[in-house]
Each structure stands twice: as C-alpha cells, then as structure tokens.
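> Return atomic coordinates for the entry below.
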Amino acid sequence: MPQLRKRTARDGENAEESERLLGGDAGANAGGSSSETPRMSEEERKRNELAKVWATRVQALFWGGLMFFVVQRTNFLEVLLNGEEVNRIYLNVGIVCVVMNVCIFIFKMYIEPMQSGRRPLLDPMSPHIMVSSVLSILGFFALLKGLWPAYGLLTPVILVVIFMGVLMGSALVPFVFTFYAED
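Next comes the predicted model:
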C-alpha cells in the first residue's frame, strides 16, 4: 500500500515557482494565491509568440531541405513516374489517396471558409476529417507497398521524410484567413 507523505512548506514554494515560470494559476490550485505572482507582460507574450513562429519556420526549412535532398538523391520522381521495379497497382492507389486527401484539405481550408466567411472549423468528428484520416492511412500503406520493390527498407524513411517536408512546408504558406470576419 503506497504511503502518503505530509505536505510541507516546500510544496507551496514549488507551486509558486511553477506559477511564476509558467504564468498559469498553479498557485491557486495548490492553496496559494495567484495574485502574489506576476503575470507575463504583453511584451513577453509577443516575444514568445514570435519565438514559436520562428521555431516553426526553422523546422519547416529543415524538413523541406531534407525532403529536397532525399528526393534528389533517391531519384524519387523518376522512379515514381517511370520506374520499372515499382508495383504500379498499389502505387496508383496510393497516389489517388494522396490526391483525394489534398482535395479534402483544399476544400476544408480554403473553399468552405470562403463560402461561410469564417475561419476553418476542423471538427474531428466531421465526415471530411474521418475520410481524410482513412485515406491517409490507406495511401501511406499503398505507397509503401508500391515503392517497396524500388527502395526496400528505406521506403518508410523516404515516405516519412517527404510527408514531413510537405506538412512542415505548409507552415511557410501565409495564413490566408486573416481577412475573414472573426467569430
């Protein structure tokens, strides 16, 4: 049976220290008052937001550069288009799944918000998101099976690097919904 330890004065200090560092209300939850600890200033918030934006951009540039390197070194486009050793049926199924996924993304992120005049609503229970999830899984495994004869054990690594490069590269695209009315 686990033993419970007694609360000490040090516990309150830890909660106040967490409150001060995180800018949250950990002190209020631990019995201390949150008004004793200073909140983050507006300048610190802007600096943190700017740091997040730049960290995302650096990661996007890293993954984009890595994707470009992998595509060039593996001659990916040539193998994809003209490779004799690929399994064409699975490769075509994977490509169709990826194209349908891109169409769903464009619809959910661009067309639907333009029609409604609001920011995109990405509800996890939306049928579009569910179909997109199934297409993503099916497309990955179909591409994996289709490209396996050409690249062997490197196929999953190549596909993950390309996926991450495209995903993080989309972070470099300016946010197009700033002109829409706020909810």
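> for the residue lying closest to residue 104 once chain neighbours are set aside, what are its contacts?
Excluding the flanking residues, the one nearest residue 104 by C-beta to C-beta, 6 or more residues apart in numbering is residue 132, at 4.7 Å. (Glycine included, C-beta is placed from N, CA and C.) Applying C-beta atoms under 8 Å, 6 or more residues apart in numbering to residue 132 gives the contacts 101, 104-105.
> which among these gets closest to residue 70?
Checking these against residue 70 by C-beta to C-beta gives residue 101 as the nearest, at 20.4 Å.
> Could you check the pLDDT of that closest one?
Residue 101 is assigned 92 on the pLDDT scale.
> what's it in contact with, if anything?
Contact partners of residue 101, counting by C-beta under 8 Å, 6+ apart, are 132, 135-136, 139.
> So what's the gap between the lengthiest helix in the chain and the chain middle?
Among the elements of the chain assigned as helix by DSSP state H, the one spanning the most residues is helix 42-74. Centroid separation for helix 42-74 versus its chain: 12 Å, with C-alpha atoms, centre = their mean, to the nearest Å.
> The next helix or strand after that helix packs against which elements?
Moving toward the C-terminus from helix 42-74, the next helix or strand (DSSP states H and E) is helix 76-82. Judged by 3 or more C-beta pairs under 8 Å, 6 or more residues apart in numbering; DSSP states H and E, helix 76-82 is in contact with helix 127-151.
> relative to helix 42-74, how tilted is the helix it packs on?
Here helix 127-151 runs at an angle of 40 degrees relative to helix 42-74 (axes from the mean of the first three to the mean of the last three C-alpha atoms, to 10 degrees).
> other SSEs contacting the longest helix of the chain?
Against helix 42-74 (3+ C-beta pairs under 8 Å, 6+ apart) you get helix 155-169.
> Please put the alpha-carbon coordinates of the helix it packs on into PDB.
C-alpha atoms of helix 155-169 as PDB (Å, rounded to 0.1, in the frame of the first residue of the first chain):
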ATOM      1  CA  THR A 155      10.900   3.100 -48.300                       C
ATOM      2  CA  PRO A 156       9.200   4.100 -44.900                       C
ATOM      3  CA  VAL A 157      12.000   6.500 -44.200                       C
ATOM      4  CA  ILE A 158      11.700   8.200 -47.600                       C
ATOM      5  CA  LEU A 159       7.900   8.400 -47.300                       C
ATOM      6  CA  VAL A 160       8.100   9.900 -43.800                       C
ATOM      7  CA  VAL A 161      10.700  12.500 -44.800                       C
ATOM      8  CA  ILE A 162       8.600  13.500 -47.800                       C
ATOM      9  CA  PHE A 163       5.400  13.700 -45.700                       C
ATOM     10  CA  MET A 164       7.100  15.800 -43.000                       C
ATOM     11  CA  GLY A 165       8.600  18.100 -45.700                       C
ATOM     12  CA  VAL A 166       5.200  18.700 -47.200                       C
ATOM     13  CA  LEU A 167       3.500  19.100 -43.900                       C
ATOM     14  CA  MET A 168       6.100  21.500 -42.400                       C
ATOM     15  CA  GLY A 169       6.400  23.300 -45.700                       C
END
